[in-house]
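Asker: Sequence first, then the predicted structure, then my questions.
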Amino acid sequence: MNGTPFTLMRLAPQSGIISFRQVVPAQLTSVAILDASSPIRELVRLDSSITESTRFSHGIKRFDRVCVNYFSAASGRDAVEKDLASTDPGGRRFARFVVEAARHIPPNEAAIIFTFRARLNLDCAAVIRAELQDAGIDPDECLPDGRRRFVFLTWGNETSLSEFSYCTHVIFAGVLFLPRLDLAAHISGQSGRHVPVPTHDEIGRVETSEVAHRVLQAMSRGQMRRVDDHQAEPMTAWLPMRDERIRPILERILPGLVWRRCNSVALATGRLADALADDVREYLAKLPASAKRISCKRIKLALPQLRTVSRDVAAEAIRMGAANAAWRVNGRTAERLQGASRWAADRSTRP
């Protein structure tokens with residue numbers, strides 16, 4: 001490698017060569033770094049040439065009107081892509097999660113939807129747009145002033161755009177986690193050392209702080225970047241993550257932030273809707289072949305158990321049950337798919 005030092009590292013399931021070189025000239029001894037999330041980034045602290053200015057106060061802005069709706073769910077790229085690529089009726093949970101959030105947004109407000117860039121044969125944004133369309137929500141809708149109501153951004157845009165600060169909601173359809181080998185390379189480069197190699201604990205701390213940094217920057221694309229009398233303007237973030245490890249970091253950098261634990265019908269696992277969906281499937285499968293359409297209200301009347309759960313759970317059970325019986329829900333009506341009566345009848349007799 002032309003005399004450049006390097007380190008061989010294995011971090012299962014990856015292994016690779018780590019090497020770095022200094023690209024900022026040493027002659028530049030006084031450089032201002034304007035980065036709102038630098039105080040929470042472990043990578044910044046690893047660089048001995050970077051010091052935090054004592055002339056700037058972090059208490060000049062509060063976030064009492066900013067709320068994070070937290071949902072417990074694995075939301076890394078692998079989990080989200082596997083889910084959105086699924087053709088199973090219970091799949092595309094993250095697309096339905098976006099639909100859930102969108103239904104809670106007033107018609108005169110807008111949302112940024114963060115997801116992953118398209119790769120191979122999967123376009124995450126396209127899947128989400130199609131799910132919104134199927135739910136009767138126009139992903140191309142505009143506000144009365146002509147601005148987009150739903151803005152789709154992919155990871156990589158979280159630090160570069162400010163024109164969507166009118167959006168009062170930021171919905172995360174996935175959160176970007178860098179591979180641990182990449183993080184080890186960043187640690188080596190930022191600290192200027194090849195040995196000792198980064199430890200698992202060190203990589204874990206950097207991973208957490210970098211996720212917090214990306215989430216903070218993504219949230220800052222929305223309305224909370226605006227200030228009114230030392231207060232960030234109201235905004236809601238919809239954040240699914242496996243755990244709440246970034247919460248104390250965000251609360252430190254965003255004083256007054258409201259953190260609320262929430263439940264999502266779409267994201268919940270082992271949910272009641274799964275069992276109720278079987279009841280819906282059996283009911284639809286027993287309808288005569290001449291029955292082509294049936295209202296969701298009539299399904300609820302026929303299955304009293306659907307009236308004992310929340311409206312969201314009942315709607316999810318009807319949607320999944322209809323899909324498993326070769327029907328589809330269109331608005332408030334379930335419709336039989338063409339040529340599906342024999343398939344549904346055969347399926348209903350299976351154990």
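Answerer: Perfect, thanks for sending it.

Asker: so residue 165, which of the three states?
Answerer: When classified by DSSP: H, G, I helix; E, B strand; the rest coil, residue 165 comes out as coil.

Asker: Now do the phi/psi pair for the closest residue to it other than its chain neighbours.
Answerer: The spatial neighbour of residue 165 that comes closest, neighbours along the chain excluded (CB to CB, 6 or more residues apart in numbering), is residue 225 at 5.1 Å. In this view, the C-beta of every residue, glycine as well, is placed from N, C-alpha and C. As for residue 225, its main-chain torsions (degrees, to the nearest 10) stand at phi -70, psi -20.

Asker: measure residue 225 to residue 259 for me?
Answerer: To residue 259, residue 225 is 19 Å away according to CB to CB, to the nearest Å.

Asker: cool, residue 207 as well?
Answerer: 20 Å.

Asker: Also residue 187?
Answerer: Applying CB to CB to residue 187 and residue 259 gives a distance of 28 Å.

Asker: When these two are compared, which one has more neighbours?
Answerer: Shown here are residue 187 and residue 259; by other CB atoms under 10 Å, residue 187 has more neighbours (21 against 17).

Asker: Of all the residues in stretch 310-323, which ones are buried?
Answerer: 313, 314, 315, 316, 317, 318, 319, 320, 321, 322, 323 (16 or more other CB atoms under 10 Å).

Asker: so how many other residues sit close to the nearest residue to the first one once chain neighbours are set aside?
Answerer: For residue 313, the nearest residue in space outside its immediate sequence neighbours is residue 273; the separation is 5.1 Å by CB to CB, 6+ apart. In terms of burial, residue 273 registers 25 neighbours under the definition other CB under 10 Å.

Asker: now swap in the one 3 residues further on and tell me
Answerer: When neighbours are counted by other CB under 10 Å, residue 276 registers 22.

Asker: What of residue 75?
Answerer: 22.

Asker: repeat for the one 10 residues further on
Answerer: When neighbours are counted by other CB under 10 Å, residue 85 registers 14.

Asker: same question, residue 92
Answerer: 22.

Asker: tell me the contacts of it?
Answerer: Applying CB atoms under 8 Å, 6 or more residues apart in numbering to residue 92 gives the contacts 83, 84, 86, 127, 131.

Asker: so the residue nearest to residue 313 sits in a helix?
Answerer: Yes. Under three-state DSSP, residue 273 sits within a helix.

Asker: Could you measure from it over to residue 320?
Answerer: 6 Å.

Asker: out of the buried residues of stretch 310-323, which are inside helices?
Answerer: 313, 314, 315, 316, 317, 318, 319, 320, 321, 322, 323 (DSSP state H).

Asker: Distance to residue 278 for the buried residues of stretch 310-323 - can I get that in JSON lines?
Answerer: Output for the buried residues of stretch 310-323, formatted as JSON lines (distance: CB to CB, whole Å):
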{"residue": "313", "distance to residue 278": "14"}
{"residue": "314", "distance to residue 278": "14"}
{"residue": "315", "distance to residue 278": "16"}
{"residue": "316", "distance to residue 278": "13"}
{"residue": "317", "distance to residue 278": "9"}
{"residue": "318", "distance to residue 278": "12"}
{"residue": "319", "distance to residue 278": "13"}
{"residue": "320", "distance to residue 278": "9"}
{"residue": "321", "distance to residue 278": "7"}
{"residue": "322", "distance to residue 278": "12"}
{"residue": "323", "distance to residue 278": "12"}
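
Asker: Make TSV from these and add distance to residue 151 and pLDDT to it.
Answerer: Putting the buried residues of stretch 310-323 into TSV (distance: CB to CB, whole Å; pLDDT from 0 to 100) gives the following:
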residue	distance to residue 151	pLDDT
313	30	79
314	31	86
315	26	86
316	26	82
317	32	87
318	31	91
319	26	87
320	29	84
321	34	89
322	31	90
323	29	86
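
Asker: so which of these comes closest to residue 22?
Answerer: Within these, the smallest distance to residue 22 is 54.0 Å, found for residue 316 (CB to CB).

Asker: The closest one contacts residue 268, doesn't it?
Answerer: No. Counting by CB atoms under 8 Å, residue 316 stays clear of residue 268, with 9.2 Å between them.

Asker: What are the buried residues along the helix or strand containing residue 300?
Answerer: In this structure, residue 300 sits in helix 296-302 according to DSSP states H and E. For helix 296-302, the neighbour count (16+ other CB under 10 Å) marks 296, 299, 300 as buried.

Asker: just stretch 187-197 next, same as before
Answerer: Here stretch 187-197 shows 187, 188, 189, 190, 191, 197 as buried, counting by 16+ other CB under 10 Å.
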